[in-house]
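[1] Dropping the sequence and predicted coords here.
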Amino acid sequence: MKIFSSPTELQSHIVNLKKQGKSVAFVPTMGNLHQGHLSLVELAKQKADIVVCSIFVNPTQFGPNEDFDSYPRTLEQDTKKLEQVGNQILFTPTNNDIYPQGKEVHSSVEVNRLTDKLCGASRPGHFRGVTTIVNILFNIVQPDVAIFGKKDYQQYLVIRAMVKDLMMPIKIIGAEIAREPNGLAMSSRNGFLAEQEKKQSSYLREVILLSQKQLEDPKKDINEVKLQACKLLQNKGFKVDYFEIVERNTLELATSNDNELLIAAAAWLGKPRLIDNLEVNLN
Ligand code: PAF
């Protein structure tokens, strides 16, 4: 596996590969790789000749009181895991490589829809940070295809909107959520769960599945489903950030006329804030 930390060196390497007619699939990550990330690399391998994975804990997508400093950084283990799954290029820039003028004065990219809801409402500026870094990474890696996990469903939609609005010639693929044996969506933040919380964590998925069942009842009251889910999670020790049932493409609150729904939840369990979601098709 080739490892680059310089944006310009990677950029010219990719230009050469493209001249040879190679296609490029890209998996952007913040590292601390788990099976979920590795399954994105496996999927990327099926989509192009060359797979590039990036590891960069992006400061601009963390709020002032969030976990940027404590975010797990495990580059050595990550590198081994990527070698094992046959990733070909690893990009590991520093903050200075990405934001040489300082992140405060760096130009940014903003998607003006989808970003003020759900995680965007509770993490102001988060999606500006995400779209800015993904844009920078896209300009360096020049991928034909990029893979995003659907655990961050809103991020996946926001990136799709950015690529469409800015007419970037990149196909965005959403990959299914990888889960722990107890149903918890895999996340680099799961490592912060204490032993007891690991057991409790399965309730997030269970409550989402219960809500799905309730939504399938034609007599359902969507608000009632949400309220009940919040109460169940609170009783199990979660501090709920949001539990929403939305139309899946717009993320607007779902009405009884909508058929393509997303149940989306974010809740703290001890230290980490866990997120999960489920696509629900009615009819
Ligand atoms: O999903 C993530 O890990 C990050 O938001 C991403 C896409 C790598 C941008 O920093």
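    Nice, I can see it.

[2] Pull up the residues of the chain that are close to the ligand.
    Taking C-beta under 6 Å from any ligand atom as the contact definition, the chain meets the ligand at 28-30, 58, 61, 130, 133-134, 152, 155. C-beta here means a position set from N, CA and C on the backbone, and glycine is covered the same way.

[3] So which of those residues are in helices?
    Using DSSP state H, the subset of the residues of the chain next to the ligand located in helices is 130, 133-134, 155.

[4] can you tell me which two in those residues are farthest apart?
    For these, the farthest-apart pair by C-beta to C-beta is 133 and 155; their separation is 11.3 Å.

[5] ok, of the residues of the chain next to the ligand, which one's closest to residue 42?
    Residue 42 has its nearest neighbour among the residues of the chain next to the ligand in residue 29, at 13.7 Å by C-beta to C-beta.

[6] What's opposite that closest one in the beta bridge?
    When assigned by DSSP bridges, residue 29 has beta-bridge partners residue 55.

[7] and it, what does it touch?
    If you count contacts by C-beta atoms under 8 Å, 6 or more residues apart in numbering, residue 29 has them with 37, 40, 53-55.

[8] Export those to CSV and append columns for distance to residue 18, neighbour count and pLDDT.
    Listed next are these as CSV, based on distance: C-beta to C-beta, whole Å; neighbours: other C-beta atoms under 10 Å; pLDDT from 0 to 100:
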residue, distance to residue 18, neighbour count, pLDDT
37, 25, 27, 98
40, 22, 26, 98
53, 18, 30, 99
54, 18, 23, 99
55, 23, 23, 98
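
[9] Filter the residues of the chain next to the ligand down to just the buried residues.
    The neighbour count (16 or more other C-beta atoms under 10 Å) marks 28-30, 58, 61, 130, 133-134, 152, 155 as buried among the residues of the chain next to the ligand.

[10] For the stretch 51-200 of the chain, give me the ranges with low pLDDT.
    Within the stretch 51-200 of the chain, no range satisfies pLDDT under 70.

[11] Name the nearest of the residues of the chain next to the ligand relative to residue 218.
    residue 152 (31.3 Å).

[12] For the closest one, which residues are in contact?
    Contacts of residue 152 (C-beta under 8 Å, 6+ apart): 119, 275.

[13] now residue 200
    Residue 200 makes contact with 236-238, 269 under the criterion C-beta under 8 Å, 6+ apart.

[14] Over to residue 93?
    5-7, 54, 56.

[15] confidence score at residue 283?
    You'll see residue 283 listed with a pLDDT of 81.

[16] Next: residue 279.
    pLDDT for residue 279: 98.

[17] Centre of the chain to the helix or strand it falls within, how far?
    Applying DSSP states H and E as the criterion places residue 279 in strand 273-281. Averaging C-alpha positions (C-alpha atoms, centre = their mean, to the nearest Å) puts strand 273-281 12 Å from its chain's average.

[18] and if you look at stretch 274-283?
    On the basis of C-alpha atoms, centre = their mean, stretch 274-283 sits 15 Å off its chain's mean C-alpha point.

[19] begin at 212 from here
    That works, and once the first residue is 212, the last one we named lands at stretch 485-494.

[20] and that stretch, which residues are buried?
    Neighbour counts over stretch 485-494 (16+ other C-beta under 10 Å) mark 485-491 as buried.

[21] Just the closest residue of the stretch 362-494 of the chain to the ligand, please.
    As assessed by C-beta to the nearest ligand atom, the ligand sits closest to residue 363 within the stretch 362-494 of the chain, at 5.2 Å.
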